[in-house]
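>>> Here is the input, now give the coordinates:
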Amino acid sequence: MRVQAIPAALTAALLLAVAGCGGHDDAAESDGADGTPTKAAQQAATGDFGDLKGVCGAGTAKSAPAQGVTADEIKVGVFSDIGFTKKSEFVDAAKVFTSWCNAAGGINGRKLVATTRDSKLMEVRQRMLEACKEDFALVGGGAALDALGVKDRLECTLPDFPGQVSQIQNNGSDLQLNPTGGASYNRYAGYYEWLLKEGYPGSADAIGTIGGDVPVTKVINAESQEGLQAAGAKIIYKDLYPAQGVSDWTPYAQAIKSKGVKGLVFNGDFVSLTKLEQVLTGMDYKLDWIDANNNAYGPAFLQLAGKSLDFQNNLADLSGVYPLEKAADNPATEQVVALFKQYAPKAQVTLPAVRGFAAWLLFAKSAKSCGDDLTRTCVYETARKESAWTGGGLLAPVDLTTSDAALTCFNIEKATSKGWEPADFGPNDGAYRCDAPAYKFKGDYGKPLTLADVGKSMSDVK
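Numbers count the residues shown, from 1 in each chain. Okay, the predicted model is just below:
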């Protein structure tokens, strides 16, 4: 999922891109077809995940030190727009993780209880106010219009371990543990450098950008344009498309062709992109590359793109998440797939679901370290000490010791008619390339909310 995804205010087409492509919520299955315990069930017994040992397990917790925490359980909230999008990936990830963790004994013996906070697109604040009254923390979720709830979250000092952030006021806000890079840095700096200087240097003097005509996407477009220019791009085409959708993409395709655009960054929903590409392909106009953005990373884009997959060159930066199609090569990713098969066998394992699962791991590891005295201050400050967080091997290393740090690792995927596959981007650290430059934005795109903005400080966090 693109970290600052494309949350059009009232438009389903764009907002479905933000929420991603989820699966269905299904009952757990504890045994294989022959009645023997599955690999996931065996892993549950140990509480180990990837290279993390004993994330979950039995214990002797006895106290009730904070809201949502008793001797027996920990209540957390999971934000999702599932009531609007019908996409269940954050809910699925919560179910899979809590089922696995509780089977291993919970967090020091406390069972995890996850409550879905269904924001239904426009009800973010209502759900946040409910979470403020009941939850210990927010874990593994996301909402398209998440800025609507960040002020209330900070006023009630609720820690957030998100699976996704969307709007600038929330992205990197206080009490948030977000392993997707600081808001003031271009998290696609390494991607853009590779595109323009190594992968397709001949495209650098003919770059175009297009996105949905809504305020949030306009900011994303502006950031993209600044980042591209900093990497050496000459932008010759800028356009927006109506939030309500486009009935005929021919004028856009003709403009791209007439201007001779060689590289295109598309900040919008992948359904619209596939329609644009179909017109471009029908006109026999092939770009050097198209940044489909990682909202497109999944089977739905491949199904819709059709013959354009073998004609156009669609790329996406996963920003340091191990590619799902290579799960067999990475124990942590393979374990996630196995756990989904165990506890939600009909659910689709998506990029946002993996991010959500990694957020649960960060929360659980930190909460375990707090022992019986599980407070918000402890769980937040413990997580903030992670200087090379990988989610047990699901992610490239991320420094969480500051809320505003540049991402150093990236990995690029290419869409083909045979599926998604890693592009030839010169990885130098396993599946990742970890030499991305740190580019800090110079434009004013807004800023994340702080505790001070609501008259609070860390001394108010209990």
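>>> which secondary structure elements does the lengthiest helix in the chain contact?
When the chain is parsed with DSSP state H, its longest helix is helix 351-370. Other helices and strands packing on helix 351-370, by 3 or more Cβ pairs under 8 Å, 6 or more residues apart in numbering; DSSP states H and E, are helix 89-103, strand 137-139, strand 160-161, helix 331-343, helix 376-383. The C-beta positions use only the backbone N, C-alpha and C, and glycine is treated the same way.
>>> Kindly recompute the last result at 7 Å.
The elements that helix 351-370 packs onto, with contact taken as 3 or more Cβ pairs under 7 Å, 6 or more residues apart in numbering; DSSP states H and E, are helix 89-103, strand 137-139, strand 160-161, helix 376-383.
>>> What angle do helix 331-343 and the longest one make with each other?
Regarding helix 89-103 and helix 331-343, their directions subtend 90 degrees when assessed with axes from the mean of the first three to the mean of the last three Cα atoms, to 10 degrees.
>>> returning to what we had before: what about the helices and strands packed on helix 351-370, which gets the closest to residue 413?
Distances from residue 413 to each of those were compared using Cβ to Cβ; the minimum, 17.9 Å, belongs to helix 89-103.
>>> next SSE after that closest one?
Beyond helix 89-103 in the direction of the C-terminus, DSSP states H and E gives the next helix or strand as strand 111-118.
>>> and the closest residue to residue 119 other than its chain neighbours, how many neighbours does it have?
The shortest distance from residue 119 to any residue that is not its chain neighbour, by Cβ to Cβ, 6 or more residues apart in numbering, is 4.4 Å, and that residue is residue 143. Other residues near residue 143 number 32, with proximity taken as other Cβ atoms under 10 Å.
>>> Tally up the residues packed near residue 53, please.
Counted with other Cβ under 10 Å, the burial measure for residue 53 works out to 12 neighbours.
>>> typo on my end, residue 264
25.
>>> need the contact list for it.
With contacts taken as Cβ atoms under 7 Å, 6 or more residues apart in numbering, residue 264 has the following neighbours: 208, 210, 256, 287, 290-291.
>>> did I read that right, it in a strand?
Yes: the assignment for residue 264 is a strand, going by DSSP: H, G, I helix; E, B strand; the rest coil.
>>> can you list the domains in the chain?
What the record gives for the chain is the domain set 12-184+329-405, 189-318+408-422, from automatic domain parsing.
>>> Of those, which is nearest residue 449?
Nearest to residue 449, of all these, is domain 12-184+329-405, at 4.6 Å by Cβ to Cβ.
>>> what's the pLDDT at the residue nearest to residue 119?
With respect to pLDDT, residue 143 scores 95.
>>> Residue 306 versus that one, what's the distance?
Between residue 143 and residue 306 the computed distance is 32 Å (Cβ to Cβ, to the nearest Å).
>>> Dihedrals phi and psi, residue 218?
phi -60, psi -40 (degrees, to the nearest 10).
>>> Ok, residue 74 next?
Torsion angles, degrees, to the nearest 10, at residue 74: phi -130, psi 120.
>>> That one pairs with what?
The residues listed as beta-bridge partners of residue 74 by DSSP bridges are residue 69, residue 112.
>>> residues near it, how many?
When neighbours are counted by other Cβ under 10 Å, residue 74 registers 27.
>>> got a list of what it touches?
Contact analysis of residue 74 by Cβ under 7 Å, 6+ apart lists 68, 107, 110, 112-113, 136, 367.
>>> And the helices in the chain?
Counting by DSSP H, the helices of the chain are 12-19, 39-46, 82-85, 89-103, 124-134, 147-155, 189-193, 215-230, 250-259, 270-282, 299-305, 331-343, 351-370, 376-383.
>>> Minimum distance to residue 451: which of these has it?
If we rank the helices of the chain by Cβ to Cβ, the stretch that ends up nearest is helix 147-155, at 5.6 Å.
>>> Dump the contacts of residue 264 to TSV, plus neighbour count.
Putting the contacts of residue 264 into TSV (neighbours: other Cβ atoms under 10 Å) gives the following:
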residue	neighbour count
208	24
210	23
256	24
287	22
290	25
291	26
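>>> From those, pick the one nearest residue 185.
Comparing every one of these with residue 185 (Cβ to Cβ), the shortest separation belongs to residue 291, at 18.0 Å.
>>> is it true that the closest one touches residue 268?
No: look at residue 291 against residue 268 with Cβ atoms under 7 Å: they stay out of range, at 11.1 Å.
>>> among the contacts of residue 264, which two are most distant?
The two members of the contacts of residue 264 with the most space between them (Cβ to Cβ) are 256 and 291, at 13.6 Å.
>>> Can you report how many residues lie near residue 157?
Under the criterion other Cβ under 10 Å, the count of neighbours that residue 157 has is 21.
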